[in-house]
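>>> Please work out how this folds:
(one chain, ligands or ions: 1)
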Amino acid sequence: MSDFKTYHLGEYTCRVTFCTPAEALQVPAQKKALYISDSNVLPQLQAIVGQPLPVVAFKAGEEAKIWSNIELALMRGFDLGLGRDDCMVGVGGGVVCDMTAFAASLYMRGCTLVLAPTTLLAMVDAAFGGKTGINFGGYKNMVGTFYPSSELRIAPGFLSTLPEREFRSGLGEVIKHAMLDDPELWTFLHDSARSIQSRDMAAMEYMVRRSFDVKGRVVEADLREENIRAHLNLGHTFAHALEAVAGFGLWSHGEAVAWGLHAAVRLSHRLGLCPKSWVSEVEQLLQLHGYRTQSGENPAALLHAMKQDKKKKAGQVRFVLQEGPCKTLLRTVAEEDVLAVLD
Ligand SMILES: NC(=O)c1ccc[n+]([C@@H]2O[C@H](COP(=O)([O-])OP(=O)(O)OC[C@H]3O[C@@H](n4cnc5c(N)ncnc54)[C@H](O)[C@@H]3O)[C@@H](O)[C@H]2O)c1
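Predicted coordinates:
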């Protein structure tokens, strides 16, 4: 595992390595490990390691993000006699990464945390940045801690078994990262659509690295979301509203984000911030990758859902908008302008 970069996140240091799936699962020297995974990823994990493992595997899906599963992982840690210097290794998508990180942050006030993300969304987004958590009281990610992994092992090889819907979910975030801060990635997404859709491994490697690096730079510059980290929410205020109105599950998160990206640039254009050509470019790329840019939902219902969104300032929803590629800003917007771009 020679190819790595070290990120400094406040008092924490995170070593990010690009590697093979087998390398991603290695236990750091001199440490005992508890693996945490889910029911879909577990067979792959066992096949790669080839011997019985100390593992807790949750039933796959968002429903697993609950306190009783955290308790289960903590109990298993105690049963195994893990010490504070030993580690929890999360192998899975964003759900597993969020939960493993939460459990590790609590275990003996914080044990070593290694994450090996296996979905595109977790590789380019969920596994990095320190946010951990579970769903609570009917709200997503309502309870959690801040605890970056000491090691993040990104193995694009895991993507070969990822279901199409989950792949497209992560691709929405990749497109967002390209819009925020990587014109070369943007061009690649345009020119290499076929290789991406067929999951050519060289294309996956390149895309994941570039996309990860955008998040890496933003989080390192603004760990506590005091300014530019909020830009990572581009398209998300719209996406959360769509998910809430359409019913969770009808649109994958990335599909909702893709629709939200289009709505965000349309709103930017309506406010005179960006040229029409940027809206057309975004629309063209989204359609090239098969995303819908119209929701078919009731605009008033979408607006109502947006007003419930937790990222509000002084009762108003703040939007992440763009003046063009890589030129992002935050602004509160009048309801009539928002309504005009909701379709
Ligand atoms: N902490 C953060 O900063 C952050 C950021 C974004 C999202 N998240 C969280 O991430 C979660 C969503 O993550 P996700 O989209 O990865 O969902 P997920 O973890 O539910 O994984 C999606 C599905 O893919 C399966 N899967 C995973 N890897 C696979 C592989 N290699 N082959 C075959 N199947 C595989 C899983 O079992 C699951 O069924 C949400 O809970 C969200 O809140 C956290």
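>>> Sheet-wise, list the partners of the top strand by length along the chain with their directions.
As assigned by DSSP state E, the longest strand anywhere in the chain is strand 316-324. Neighbouring strands of strand 316-324 in its sheet, by DSSP bridges, are strand 312-313 (antiparallel), strand 327-332 (antiparallel).
>>> show me where this structure has strands.
Ranges of strands in the chain, per DSSP E, are 4-9, 12-18, 33-38, 55-58, 87-92, 112-117, 134-136, 139-143, 151-154, 312-313, 316-324, 327-332.
>>> The ones you listed: lowest mean pLDDT?
The stretch with the lowest mean pLDDT among the strands of the chain is strand 312-313, at a mean of 55.
>>> sorry, back to before: could you single out the most deeply buried of the strands of the chain?
Counting by mean count of other C-beta atoms under 10 Å, strand 87-92 has the highest mean neighbour count of those, with a mean of 30. From N, CA and C alone the C-beta is placed, and that goes for glycine too.
>>> what about it, near the ligand?
Yes - Strand 87-92 reaches the ligand (C-beta under 6 Å from any ligand atom) through residue 92.
>>> that older thread, okay if I get the strands paired with strand 316-324 as JSON lines plus distance to residue 51?
Shown next, in JSON lines, are the strands paired with strand 316-324 (distance: least, C-beta to C-beta, whole Å):
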{"stretch": "strand 312-313", "distance to residue 51": "51"}
{"stretch": "strand 327-332", "distance to residue 51": "48"}
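>>> what's the closest of those to residue 10?
Closest to residue 10 of the strands paired with strand 316-324 is strand 327-332 (C-beta to C-beta; 22.4 Å).
>>> Name the residues that touch the closest one?
With contact meaning C-beta atoms under 8 Å, 6 or more residues apart in numbering, strand 327-332 is reached by 180, 228, 230-231, 234, 271, 273-274, 313, 316-323.
>>> can I assume residue 58 is in contact with residue 69?
Yes - using C-beta atoms under 8 Å, residue 58 is in contact with residue 69, at 5.2 Å.
>>> what's residue 19 sitting at in phi/psi?
Dihedral pair for residue 19: phi -160, psi -170, per degrees, to the nearest 10.
>>> Could you report the neighbour count for it?
By other C-beta atoms under 10 Å, the residues close to residue 19 number 19.
>>> got the contact list for it?
Going by C-beta under 8 Å, 6+ apart, residue 19 touches 1, 3, 153, 154, 155.
>>> same thing with residue 75?
Not one residue lies near residue 75 by C-beta under 8 Å, 6+ apart.
>>> Could you do the one 10 residues further on as well?
Contacts of residue 85 were listed using C-beta under 8 Å, 6+ apart, and they are 31, 111, 112.
>>> do you know how far the last one is from residue 232?
It refers to residue 112. 26 Å (C-beta to C-beta, to the nearest Å).
>>> and the chain, which residues reach the ligand?
With C-beta under 6 Å from any ligand atom as the criterion, the chain meets the ligand at residues 38, 40-41, 60-62, 65, 92-96, 98, 118-119, 121-122, 125-126, 129, 131, 140-141, 158, 161-163, 166, 169.
>>> Which among those count as buried?
If you count burial by 16 or more other C-beta atoms under 10 Å, the buried members of the residues of the chain next to the ligand come out as 38, 40-41, 60, 65, 92-96, 98, 118-119, 121-122, 125-126, 129, 131, 158, 162, 166, 169.
>>> Which pLDDT value goes with the residue of the stretch 201-343 of the chain found nearest the ligand?
Closest residue of the stretch 201-343 of the chain to the ligand, C-beta to the nearest ligand atom: residue 253 (6.1 Å). In this prediction, residue 253 carries a pLDDT score of 89.
>>> isn't it right next to residue 239, touching?
Yes - between residue 253 and residue 239 there is a contact at 6.9 Å, judged by C-beta under 8 Å.
>>> the helices in this protein, which residues?
Taking DSSP state H, the helices of the chain run over residues 21-24, 42-49, 67-80, 94-106, 120-121, 164-181, 183-191, 193-197, 201-221, 236-246, 253-270, 276-288, 299-308, 335-340.
>>> Comparing those, which yields the minimum mean pLDDT?
helix 299-308 (a mean of 90).
>>> What count of nearby residues applies to residue 276?
10.
>>> Repeat that for residue 198.
Per other C-beta under 10 Å, the neighbour tally for residue 198 reads 8.
>>> Phi and psi next, for it.
Torsion angles, degrees, to the nearest 10, at residue 198: phi -90, psi 0.
>>> Against the ligand, how distant is it?
Noted for residue 198: a distance of 16 Å to the ligand, by C-beta to the nearest ligand atom, to the nearest Å.
>>> Quick check: nearest residue in space to residue 119, chain neighbours excluded?
With C-beta to C-beta, 6 or more residues apart in numbering as the criterion, residue 119 has its nearest non-adjacent residue at 3.7 Å, and that residue is residue 93.
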